[in-house]
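Student: Just to be clear, the model below is a prediction. Sequence and coordinates:
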Amino acid sequence: MKKIQRLGLSLVIVVALLLAVPLATMADNPTVAITVTAEVVAITNSKATWAIGNVAVDAVVYFSTDGTQDDDWSQITNTGSVACDVEIQGTDIEGGDYDWVLAPAAASETYSLFANTQGAPTVYDVGVNSSSYNDITTDLAADATFDWSMKFTAPSAFNAADDGNEKSATVTLVASKH
């Protein structure tokens, strides 16, 4: 009987040792902590509307509280997680009997729109087109801001038959990964 007890005890010790070896081995295994951030491209703009009001032929109006020049009236903020490039595009002005075409220079029934670049006061050097996007800023870091404004030039002539109703257009800012 003692022989069976010793054999049983020996068997229990062997099983315990076999179970303990993998547990001890697992405790020594190193781990790797993984962190990841999604590449998110996103921007906000501090001013969402521009109510120009009535304009005369050849009027020049700036994107600001009172229509006078304010080179940093609006602010683009990179709310994404990567640096981005920001482009700008506009549309023709529609409404009433006659639309106004967006072009590089104001002309009869044609208006122009230019944006300024940060650090270049009074220089409205980025043409806003209806057929293509143009860079307004590049390599804008995550959480960084960019101050900007626009300059509107009214047509050099209005169609005499225009009803004088309100017209509207849209300017779109688009961000892409730098």
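Tutor: Structure's in. What do you need? Quick caveat: nothing in here was measured; it's all calculated off a predicted structure. Numbering: from 1, shown residues only.
Student: quick one, what contacts the spatially most central residue of the chain?
Tutor: The residue lying closest to the centre of the chain (CA atoms, centre = their mean) is Ile43, at 2.7 Å. Taking CB atoms under 8 Å, 6 or more residues apart in numbering, we find Ile43 in contact with 76-80, 84, 86, 140, 173, 175. Bear in mind the C-beta positions are built from the backbone N, C-alpha and C, glycine included.
Student: could I get the residues you listed as a markdown table with pLDDT and distance to Ala59?
Tutor: Listed next are these as a markdown table, based on pLDDT from 0 to 100; distance: CB to CB, whole Å:
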| residue | pLDDT | distance to Ala59 |
| --- | --- | --- |
| Ile76 | 97 | 26 |
| Thr77 | 98 | 31 |
| Asn78 | 98 | 34 |
| Thr79 | 98 | 35 |
| Gly80 | 98 | 37 |
| Cys84 | 98 | 34 |
| Val86 | 98 | 27 |
| Leu140 | 98 | 32 |
| Leu173 | 98 | 24 |
| Ala175 | 98 | 31 |
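Student: sorry, back to before: ok, the residue nearest to the centre of the chain to Val60 distance?
Tutor: Separation of Ile43 from Val60 (CB to CB, to the nearest Å) stands at 27 Å.
Student: can you check Ala169 too?
Tutor: Separation of Ala169 from Val60 (CB to CB): 16 Å.
Student: Those two - which one has more neighbours?
Tutor: Remark: of Ala169 and Val60, Ala169 carries more neighbours, 20 against 15, as counted by other CB atoms under 10 Å.
Student: nearest spatial neighbour of that one, skipping sequence neighbours?
Tutor: Excluding the flanking residues, the one nearest Ala169 by CB to CB, 6 or more residues apart in numbering is Ile93, at 4.3 Å.
Student: per-residue pLDDT, that neighbour?
Tutor: Listed pLDDT for Ile93 reads 96.
Student: Please apply the same query to Val12.
Tutor: Note on Val12: pLDDT of 51.
Student: same deal with Pro22?
Tutor: Note for Pro22: predicted pLDDT of 56.
Student: next one: the one 5 residues further on
Tutor: Turning to Ala27, the model gives it a pLDDT of 68.
Student: What of the one 3 residues further on?
Tutor: In this prediction, Pro30 carries a pLDDT score of 94.
Student: which secondary structure element contains it?
Tutor: In the assignment (DSSP states H and E), Pro30 maps to no helix and no strand.
Student: burial count for it?
Tutor: Counted with other CB under 10 Å, residues neighbouring Pro30 total 4.
Student: Same check on Pro104?
Tutor: 12.
Student: One more: Asn78?
Tutor: Counted with other CB under 10 Å, Asn78 comes out at 25.
Student: again, but for the one 5 residues further on
Tutor: By other CB under 10 Å, 15 other residues sit near Ala83.
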